[in-house]
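S.K.: Quick one: sequence plus predicted model below, questions after.
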Amino acid sequence: MSRIGIKPIAVPAGVDVTIGSDNVVTVKGPKGTLTKSYNKDMIIKLADGVITVERPSEDKKHKSLHGLTRTLISNMVTGVTEGYSKSLEIVGVGYRATKQGKNVNLTLGYSHPVVISETDTIKLDVPQPNTVVVSGIDKQAVGQFASEIRGKRPPEPYKGKGIRYSGEYVIHKEGKAGKGSKK
């Protein structure tokens, strides 16, 4: 049995879960609503405020989908109750971020500022000039958006300048070694 797949998901108070036909799961909570369709083979049940996911057989495909389906549903429940956020650090002389309305202007050493706009589901916050916080209710969308921001100027390996995830360790390379003087 899948160690993750067999764990039940407790539905907290204030969260409404509906399981429709063809395994369409809708989770509605205080922060918003998420809807996702899952594989038709998985058996998703809601009883007494607990969601369980079962697999119909011991096929390799069903085994691999079992834990995945359970984790994705658990992420939906956590997203509508607590939400998700990723913090990005901007490292480099003159590199900074400023928020203007729903836009974030990034100064990253280019000849032009890089402008990133909030979406309906993703919110951006700039608590300090060198920090950008991406938050939302969909874990996958938050991670994808943070990855796209990081891609605007990934950390370079010599001085470490660029945008990195908070707590990310950047491996530094040694610079060019001089050949010395030949006489």
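M.R.: Thanks, I have the structure now.
S.K.: contacts, neighbours, all on C-alpha from now
M.R.: Noted.
S.K.: so where's this structure shaky on pLDDT?
M.R.: For the chain, residues meeting the criterion pLDDT under 70 lie at 1, 178-183.
S.K.: Give me the longest helix you can find in it.
M.R.: helix 60-81 (DSSP state H).
S.K.: C-alpha coordinates for that one, CSV please?
M.R.: The C-alpha trace of helix 60-81 is given here as CSV (Å, rounded to 0.1, in the frame of the first residue of the first chain):
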residue,chain,number,x,y,z
LYS,A,60,1.7,0.1,-11.5
LYS,A,61,-0.3,3.0,-12.9
HIS,A,62,-2.9,2.9,-10.1
LYS,A,63,-0.1,2.7,-7.5
SER,A,64,1.6,5.8,-8.9
LEU,A,65,-1.7,7.7,-9.0
HIS,A,66,-2.7,6.8,-5.5
GLY,A,67,-0.3,9.0,-3.5
LEU,A,68,-0.3,11.7,-6.1
THR,A,69,-4.1,12.1,-6.0
ARG,A,70,-4.2,12.2,-2.2
THR,A,71,-1.4,14.8,-2.0
LEU,A,72,-3.0,17.1,-4.6
ILE,A,73,-6.3,17.0,-2.8
SER,A,74,-4.5,17.7,0.5
ASN,A,75,-2.7,20.7,-1.1
MET,A,76,-6.1,22.0,-2.3
VAL,A,77,-7.5,21.9,1.3
THR,A,78,-4.4,23.6,2.7
GLY,A,79,-4.5,26.2,0.0
VAL,A,80,-8.1,27.4,0.6
THR,A,81,-7.5,27.5,4.4
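S.K.: So which residue is dead centre in this protein?
M.R.: Gly143 (2.4 Å; Cα atoms, centre = their mean).
S.K.: Just to be sure, that one is in a helix?
M.R.: Yes: Gly143: assigned to a helix according to DSSP: H, G, I helix; E, B strand; the rest coil.
S.K.: Next, the contact list for it, please.
M.R.: Taking Cα atoms under 8 Å, 6 or more residues apart in numbering, we find Gly143 in contact with Lys86.
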